[in-house]
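# I would like to see how this sequence folds:
(one chain, ligands or ions: 3)
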Amino acid sequence: MKFFLILIVLLSSSYFTIAQSFTGSVSRGKATVIQQNMYSSCSGSRPSVVGKSTSSDNKEWIVPAETVFLQGPYLSDFYNQCNNITPSNINAVDLNKIPIKIIDEDGDIITGYVLSDNYCEVYINGILIGADPVPFTPFNSCLLRFKVKKPYTIAVKLVDWEENSGLGTENNNGNLYHAGDAGFIARFSDGTISDTSWKAQVYYISPLMSPDSIIELSNNTRYCKQLARNIPCADSCYAVHYPLPNNWQSPTFDDSMWPKAYIYTPETVGVNFPAWTNFTSFWTTSSFIWTSNLVVDNLVLARKTVGSNPSSILESTESKPIISVDNQHISIIPHQDIHHASIQLFSLVGNCISSIQNVQLIAGSPYQLPISNTLPSGVYYFSIYDSKIPVYTSTLFIH
Ligand SMILES: [Ca+2]
Ligand SMILES: [Ca+2]
Ligand SMILES: [Ca+2]
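Ligands and ions are numbered 1, 2, ... in the order given. As a prediction, this is how the structure comes out:
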């Protein structure tokens with residue numbers, strides 16, 4: 001424990017650049033429930049509770065998010081057990097039944113496929129195409145079709161839902177306060193995929209042992225240095241809230257100050273349900289994306305403008321390293337040069353297993369981080385920082 005505390009001090013004092021003081025609003029404890037369950041018609045669905053939290057600066061916040069779920073319109077079903085739409089593979093999906101939203105009469109028809117852990121709303125050029133018809137569980141996937149001219153902007157509101165309103169937690173295998181995790185993946189028929197060329201910013205962060213675990217980095221990442229998933233504060237946890245910017249869905253909204261989306265493996269997101277497993281090869285090069293923390297970041301806005309930068313797909317694949325593990329090393333093949341890289345491996349409870357500072361990673365050249373061959377098999381956190389800014393974070397399963 002002493003080592004862990006020392007580690008936290010080191011992390012907070014030397015690894016990160018603090019760009020500004022902490023600007024979010026802080027609430028503590030349960031929200032006042034305003035809706036017990038927005039979606040009660042599907043058996044086996046976790047109750048999608050909505051609440052209102054009041055922060056210490058006397059502001060009110062709808063948690064986990066204000067949504068259009070009760071009004072619609074809705075995205076079409078790709079895979080949805082609640083509506084008995086359960087194709088066994090991609091060939092069993094009939095696109096002819098999917099309505100086409102006309103944005104530009106002289107545009108091209110584009111089909112989008114999206115899967116959210118747990119909820120999404122999709123806007124194209126600021127126009128709401130639809131809400132995810134299942135806010136919490138079971139895990140479903142959605143389709144949308146639209147006619148648009150390039151460049152066009154995809155904007156999505158993403159919510160990792162919660163059972164304990166205002167606390168960011170859910171019942172999981174008997175743990176009533178399990179900090180659930182999130183993820184979003186998308187693929188469009190024009191070749192657009194979810195990847196690090198998207199921008200993503202977080203607006204509701206919980207559960208937190210302490211609000212001081214949020215630090216705002218110089219690239220505007222609202223970074224949570226609380227690494228453990230087993231967070232014991234129960235009904236006393238803190239949450240941090242930020243107001244949503246106006247017109248964030250609009251093509252004219254300036255997202256240049258938002259951090260890049262982070263990518264996560266399907267194993268990290270934990271997608272062991274048929275809406276994913278029936279289609280694993282379908283998603284090809286799309287990546288699950290979220291912000292820098294898949295566990296406590298619960299309300300995320302993400303954007304991608306398609307067609308304004310012809311090299312965007314190339315850029316995105318460049319930034320995803322290839323990671324492999326043998327019994328003595330983690331091998332990293334970066335797709336971009338990182339001149340001042342720090343590479344770290346942590347256990348799930350935050351102990352540093354292996355770390356190397358200030359090394360030069362060269363695109364395409366393997367780099368090896370030594371690990372002990374007696375390391376217990378299991379899941380670990382793995383991060384690469386560039387000049388103290390996190391550029392890649394993932395979990396790794398080590399055998
Ligand atoms: Ca859903
Ligand atoms: Ca969460
Ligand atoms: Ca979740």
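# tell me what E60 is bridged to.
Taking DSSP bridges, one finds T54 as the beta-bridge partners of E60.
# show me what from this structure comes close to ligand 1.
Applying Cβ under 5 Å from the ion, one finds that the chain approaches ligand 1 through 132, 134, 140. From N, CA and C alone the C-beta is placed, and that goes for glycine too.
# is it possible to get a markdown table of those that adds pLDDT, neighbour count and secondary structure?
A markdown table is the format used below for these (pLDDT from 0 to 100; neighbours: other Cβ atoms under 10 Å; DSSP: H, G, I helix; E, B strand; the rest coil):
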| residue | pLDDT | neighbour count | secondary structure |
| --- | --- | --- | --- |
| D132 | 98 | 26 | coil |
| V134 | 98 | 28 | coil |
| N140 | 98 | 28 | coil |
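# can you put these in a markdown table and add distance to P321?
Shown next, in a markdown table, are the residues of the chain next to ligand 1 (distance: Cβ to Cβ, whole Å):
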| residue | distance to P321 |
| --- | --- |
| D132 | 31 |
| V134 | 33 |
| N140 | 31 |
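# distance to ligand 3 for those - can I get that in a markdown table?
Shown next, in a markdown table, are these (distance: Cβ to the ion, whole Å):
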| residue | distance to ligand 3 |
| --- | --- |
| D132 | 12 |
| V134 | 12 |
| N140 | 13 |
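# mind showing which ranges of the stretch 201-350 of the chain have poor pLDDT?
Flagging of the stretch 201-350 of the chain using pLDDT under 70 yields the residue ranges 308-319, 348-350.
# count of neighbours near whatever residue of the stretch 201-350 of the chain ends up closest to ligand 2?
Relative to ligand 2, the nearest point of the stretch 201-350 of the chain is N298 (4.7 Å; Cβ to the ion). Close neighbours of N298, defined as other Cβ atoms under 10 Å, add up to 28.
# quick check: it is in a strand.
Yes: N298 sits within a strand when classified using DSSP: H, G, I helix; E, B strand; the rest coil.
# give me the residue from this protein nearest ligand 2.
Distances between the chain and ligand 2 by Cβ to the ion are smallest at D160, namely 4.1 Å.
# now that residue: how far from ligand 3?
Distance, D160 to ligand 3, by Cβ to the ion, to the nearest Å: 4 Å.
# could you pull up the contacting residues of that residue?
By Cβ atoms under 8 Å, 6 or more residues apart in numbering, the residues touching D160 are 64, 117-118, 168, 180-182, 297-300.
# and the residue lying closest to it once chain neighbours are set aside, what does it touch?
Sequence neighbours aside, A182 is the residue nearest to D160 in space, at 3.5 Å (criterion: Cβ to Cβ, 6 or more residues apart in numbering). Counting by Cβ under 8 Å, 6+ apart, A182 touches 117-118, 158, 160, 269, 290, 294-295, 297-298, 300.
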